[in-house]
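give me a model of this one.
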Amino acid sequence: EEDTENSCVGSLREKEEGDMLESLFSSSYVTFALALLVIGLATKVWSVLQQRKRDEATRRQRQLLEQRQRFEQLERQRKKIEDEKKKKKATGGPPLTIVFGTQTGTAEEFAVTLGNEAEAAGFTPNVVDMEDYELDQLSEENMLIIVCATYGEGEPPDNAKEFYEWLMDEEREHEDALNSVNYTVFGLGNRTYEHYNVMGRRMDRRLKQLGANQVYARGEGDDDSSLEEDFAIWKKDLWSALFPVFNMTAKAITVVERRHLRMVQHSKPPATLVEHWRLTTGPSQNPSALAFPSSASASASASSSSSASSSLGAADIGTELKGVSGVYDHRRPFLSKITAVRELHKGGDRSCLHIEMELPPKCSSLTYQPGDHVAIFPENDPLLVERVIARLNTDPQMIIELVPAEGSSSKTHIGPCSVFRALTSYCDLATPPRRAVLGSLARLASNPDEAERLRRLGDGTDKQGTADYHKWVTGPSRTLVEILEEMSSVVIAVDHFIELAPRLAPRYYSISSSLREHPNSVHATCVRVVYETETGRHHNGVCSTWFGKHEVGFRVPLYIRHSDFKMPSDPSVPILMIGPGTGLAPFRGFLQERRHQPKQKRGDAILFFGCRHPDQDFIYREELDEHLADGSLTQLVTAFSREHQHKVYVQHQMKLWADPIYKILQEGHVYICGDGRSMSKAVHRQLVEILIEKGGYTDESAEAYLSEMENKARFQLDVWQ
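Presented below is the predicted three-dimensional model:
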């Protein structure tokens, strides 16, 4: 029995040991199997990742190759055009150079018009952007025509800065005599601004000082009323005046309209599509430098309004601000991210937005001072773009590229991008077209009555046509698509439309912040523009509408434009700021800057602010109270035009504060910002009245005193129409 019991125990122990071994073996097998599975999965993932890397490298190589090929193609085309120009110069008529300085594109349009007429007259013209002009060639010019706009308060356009500074350099007085250069000048300006047409006048005067020979009187155009008519009248006798100068036989000039851009249609999407035309325009840029992946672009720009409305902000830009460097300007804007948007009005039927946009640290071209401007490149409303597409009967998803036509001096390069993107980012669809555009449409109309009407509307020398143009086009703000909708017999291709349409220019906003308070940000204050035309049509402002549709995270192309509207370098100098409505914007930056100045060194700061009602559109009210509390603002004087039956404006309140205003007129600096059509003139007049009342000045001597203050940068304006 005992042996049997021991045998049973042994068997039981053996069974337990066997079960244990089997359990261990089974567990090890599972662990081993799991390990193999993990290794297999890891190998698979690694293989997929490696394949993706290889695919990405291949895609990138293909993309770079395509970009390089396109760039080389453009270079070959540019060289061909230059060779043709040299050949033409050697065998053609007298060479004639037309340089243009433009902020909105109008001066460029005029320069191209002169180039076409010069060629028809027998000259060999060369139309050049001032930014691309070789300055050392100026003394070798045979005939030079300058077409230049005046920006803001007497400043050169962005593309004319270097040309203007080089020309005005005092060291050039005896260095580069221009006595062999024949020239004439046409300036573009606006009479609502104090420094009307000063760029054209200064350049004219400077060329004379350097010995150049003016062979045709300077012309001036007023963009406030009659710019195209002024231009037409000025150039009417231009060529007949130049014929004897160059011993040419006088002849009638018949200008044949020529296209300056040609369209390349892509049958399949290229490796890259551009997301905003401004990022790749200009002969000095590599087209691959700022292009975005076609996958992002296609989803953002080549569809109907539901998908096409998500534009720059939808693209995966992949830019880390800490890594951003380089020069950002009107040719190469910075893609900033909106970090804050808020409504400033608290009632009423109007809207005003406060927008904050991110800036990279330590980027010198994106630093600013209070008083500078931020330039924003907006986009058209997708609904308006769809109206154009419907009228043109074109495919919005068609991928196109617009390049200079053969023999053209144009440097414009648009795309490759969808038709929708080109119309969204390049054309100004909300601005009434110039008269020359209507003349071009007349040649495309099959209905004789429509053709004749468009011809007269486009003829700058036709008095009745001029009256009709202002009555039918500029008065009711008729846009190009609205004209085409009424002139149904006009048949125009999409590329021709893009070439004729006004260029979508940047919108400028007075910066409403200080880098000392917001070191990596720039702020703008934007009123939503909504109005009804004389004919009952509803129009929206381009940039304010665009801003109003986007939120935090959206990408905005921008650059900083420096201004002379600056605080005194000595903080103890007292300042008077007059800024109703959004005219408050730069003074918000002034006050933020003053907050960081030593209190014991700060002089007085008086602000006159006006709006309709204190409970509706008194923007930044709480911030102004804070500035009053900390002493960065000494006195706030308000004027509300809708609070009571009797309207009160800032100039009315100034009468009640004549004594402190007169003191600042004698010792400090005076600043006006806002509406330039009526407000600034009324405020200017009130300053004259205060000088007469408190200082015993005559009307004439008071005006002279304000002019002297302005020359010394003690009286500064930042105004707009």
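
count of neighbours near the closest residue to Val245 other than its chain neighbours?
Closest residue to Val245 apart from its sequence neighbours, by C-beta to C-beta, 6 or more residues apart in numbering: Val215 at 5.2 Å. C-betas here are computed from N, CA, C, even on glycine. Neighbourhood size, Val215 [other C-beta atoms under 10 Å]: 17.

and Val215, how far is that from His523?
Look at Val215 and His523: by C-beta to C-beta, to the nearest Å, they are 49 Å apart.

for Glu194, same thing?
For Glu194, the distance to His523 - C-beta to C-beta - is 27 Å.

more neighbours: those two, which one.
His523 (22 against 16).

Leu515 is in contact with the more buried one, correct?
No. Using C-beta atoms under 8 Å, His523 makes no contact with Leu515, being 10.5 Å away.

can you give me the mean pLDDT across stretch 470-477?
Mean pLDDT, computed over stretch 470-477, is 90.

figure out how far that stretch is from the centre of its chain.
Taking C-alpha atoms, centre = their mean, to the nearest Å, one finds stretch 470-477 lying 25 Å from the centre of the chain it belongs to.

for it, measure first residue to last.
End-to-end distance of stretch 470-477: 9 Å, with C-alpha to C-alpha, to the nearest Å as the criterion.

any idea which element Leu144 lies in?
Counting by DSSP states H and E, the element that carries Leu144 is strand 143-149.

that strand pairs with which strands, and in what direction?
strand 95-101 (parallel), strand 182-189 (parallel) (DSSP bridges).

reformat these as a markdown table; add mean pLDDT and mean neighbour count.
As requested, the strands paired with strand 143-149 are exported to a markdown table (pLDDT from 0 to 100; neighbours: other C-beta atoms under 10 Å):
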| stretch | mean pLDDT | mean neighbour count |
| --- | --- | --- |
| strand 95-101 | 96 | 25 |
| strand 182-189 | 96 | 25 |
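
tell me which of those lies nearest to Leu423.
Smallest distance to Leu423 across the strands paired with strand 143-149 (C-beta to C-beta): 24.7 Å, for strand 95-101.

after the closest one, next one along is what?
helix 106-121.

now the angle from that next one to strand 143-149?
150 degrees (axes from the mean of the first three to the mean of the last three C-alpha atoms, to 10 degrees).

what is the mean pLDDT for stretch 699-711?
For stretch 699-711, the mean confidence score works out to 96.

report pLDDT for Asn190.
So Asn190 comes in at 88 (pLDDT).

hang on, isn't it packed against Tyr196?
Yes. Contact criterion C-beta under 8 Å: Asn190 and Tyr196 qualify, at 6.9 Å.

over to Val38: give its phi and psi.
Main-chain torsions, Val38, degrees, to the nearest 10: phi -60, psi -40.

which intervals of the chain have sub-threshold pLDDT?
Residues of the chain that meet the criterion pLDDT under 70 lie in 1-30, 33, 55-91, 173-176, 275-325, 409.

which residue is the nearest non-sequential neighbour of the residue positioned nearest the centre of it?
Nearest to the geometric centre of the chain sits Pro506, at 1.7 Å (C-alpha atoms, centre = their mean). Once flanking residues are discounted, Pro506 sits nearest to Ala375: 4.1 Å by C-beta to C-beta, 6+ apart.

gap between the strand or helix carrying the one you found and the chain center?
Assigned by DSSP H and E, Ala375 belongs to strand 373-376. Taking C-alpha atoms, centre = their mean, one finds strand 373-376 lying 7 Å from the centre of the chain it belongs to.

Gly553 - how many residues pack around it?
Look at Gly553: counted by other C-beta under 10 Å, it has 9 neighbours.

and it, which of the three is it?
Taking DSSP: H, G, I helix; E, B strand; the rest coil as the rule, one finds Gly553 in the coil state.

hang on, the earlier thing: can you pull the contacts of the residue nearest to Pro506?
By C-beta atoms under 8 Å, 6 or more residues apart in numbering, the contact set of Ala375 is 330, 333, 506-508, 558-561.

got it, and Gly187?
148-150, 197, 199-201, 203-204, 218-221.

and if we set it to 10 Å?
101, 107, 146-150, 196-204, 218-221, 230, 234 (C-beta atoms under 10 Å, 6 or more residues apart in numbering).

tell me if Gly347 really is in a strand.
No. Counting by three-state DSSP, one finds Gly347 to be coil, located in no strand.

what about it, distance to His646?
Counting by C-beta to C-beta, the gap from Gly347 to His646 is 21 Å.

ok, the two, which is more surrounded?
More crowded of Gly347 and His646, by other C-beta under 10 Å: Gly347, with 10 against 7.

nearest residue to the more buried one other than its sequence neighbours?
Nearest to Gly347 is Gln616, by C-beta to C-beta, 6+ apart, at 3.9 Å.

quick one: contacts for the one you found?
345-350, 640, 642-643.

how about it, phi and psi?
According to degrees, to the nearest 10, Gln616 has phi -120, psi -60.

how about the one 3 residues further on?
Dihedral angles phi and psi of Ile619 (degrees, to the nearest 10) take the values phi -70, psi 150.

isn't Tyr604 up against Ile661?
Rather than Tyr, residue 604 is Asp. No. Using C-beta atoms under 10 Å, Asp604 makes no contact with Ile661, being 11.1 Å away.

which one's more surrounded, those two?
Ranked by neighbour count (other C-beta under 10 Å), Asp604 and Ile661 place Ile661 first, with 24 against 17.

am I right that the more buried one is in a helix?
Yes. The assignment for Ile661, made by three-state DSSP, places it in a helix.

how about it, nearest residue that isn't a chain neighbour?
Among residues not flanking Ile661 along the chain, Ile690 sits closest, at 5.5 Å (C-beta to C-beta, 6+ apart).

ok, that neighbour - contacts?
654-655, 657-659, 661-662, 665, 697, 702.

ok, now with 7 Å
Residues in contact with Ile690 (C-beta atoms under 7 Å, 6 or more residues apart in numbering) are 658, 661-662.
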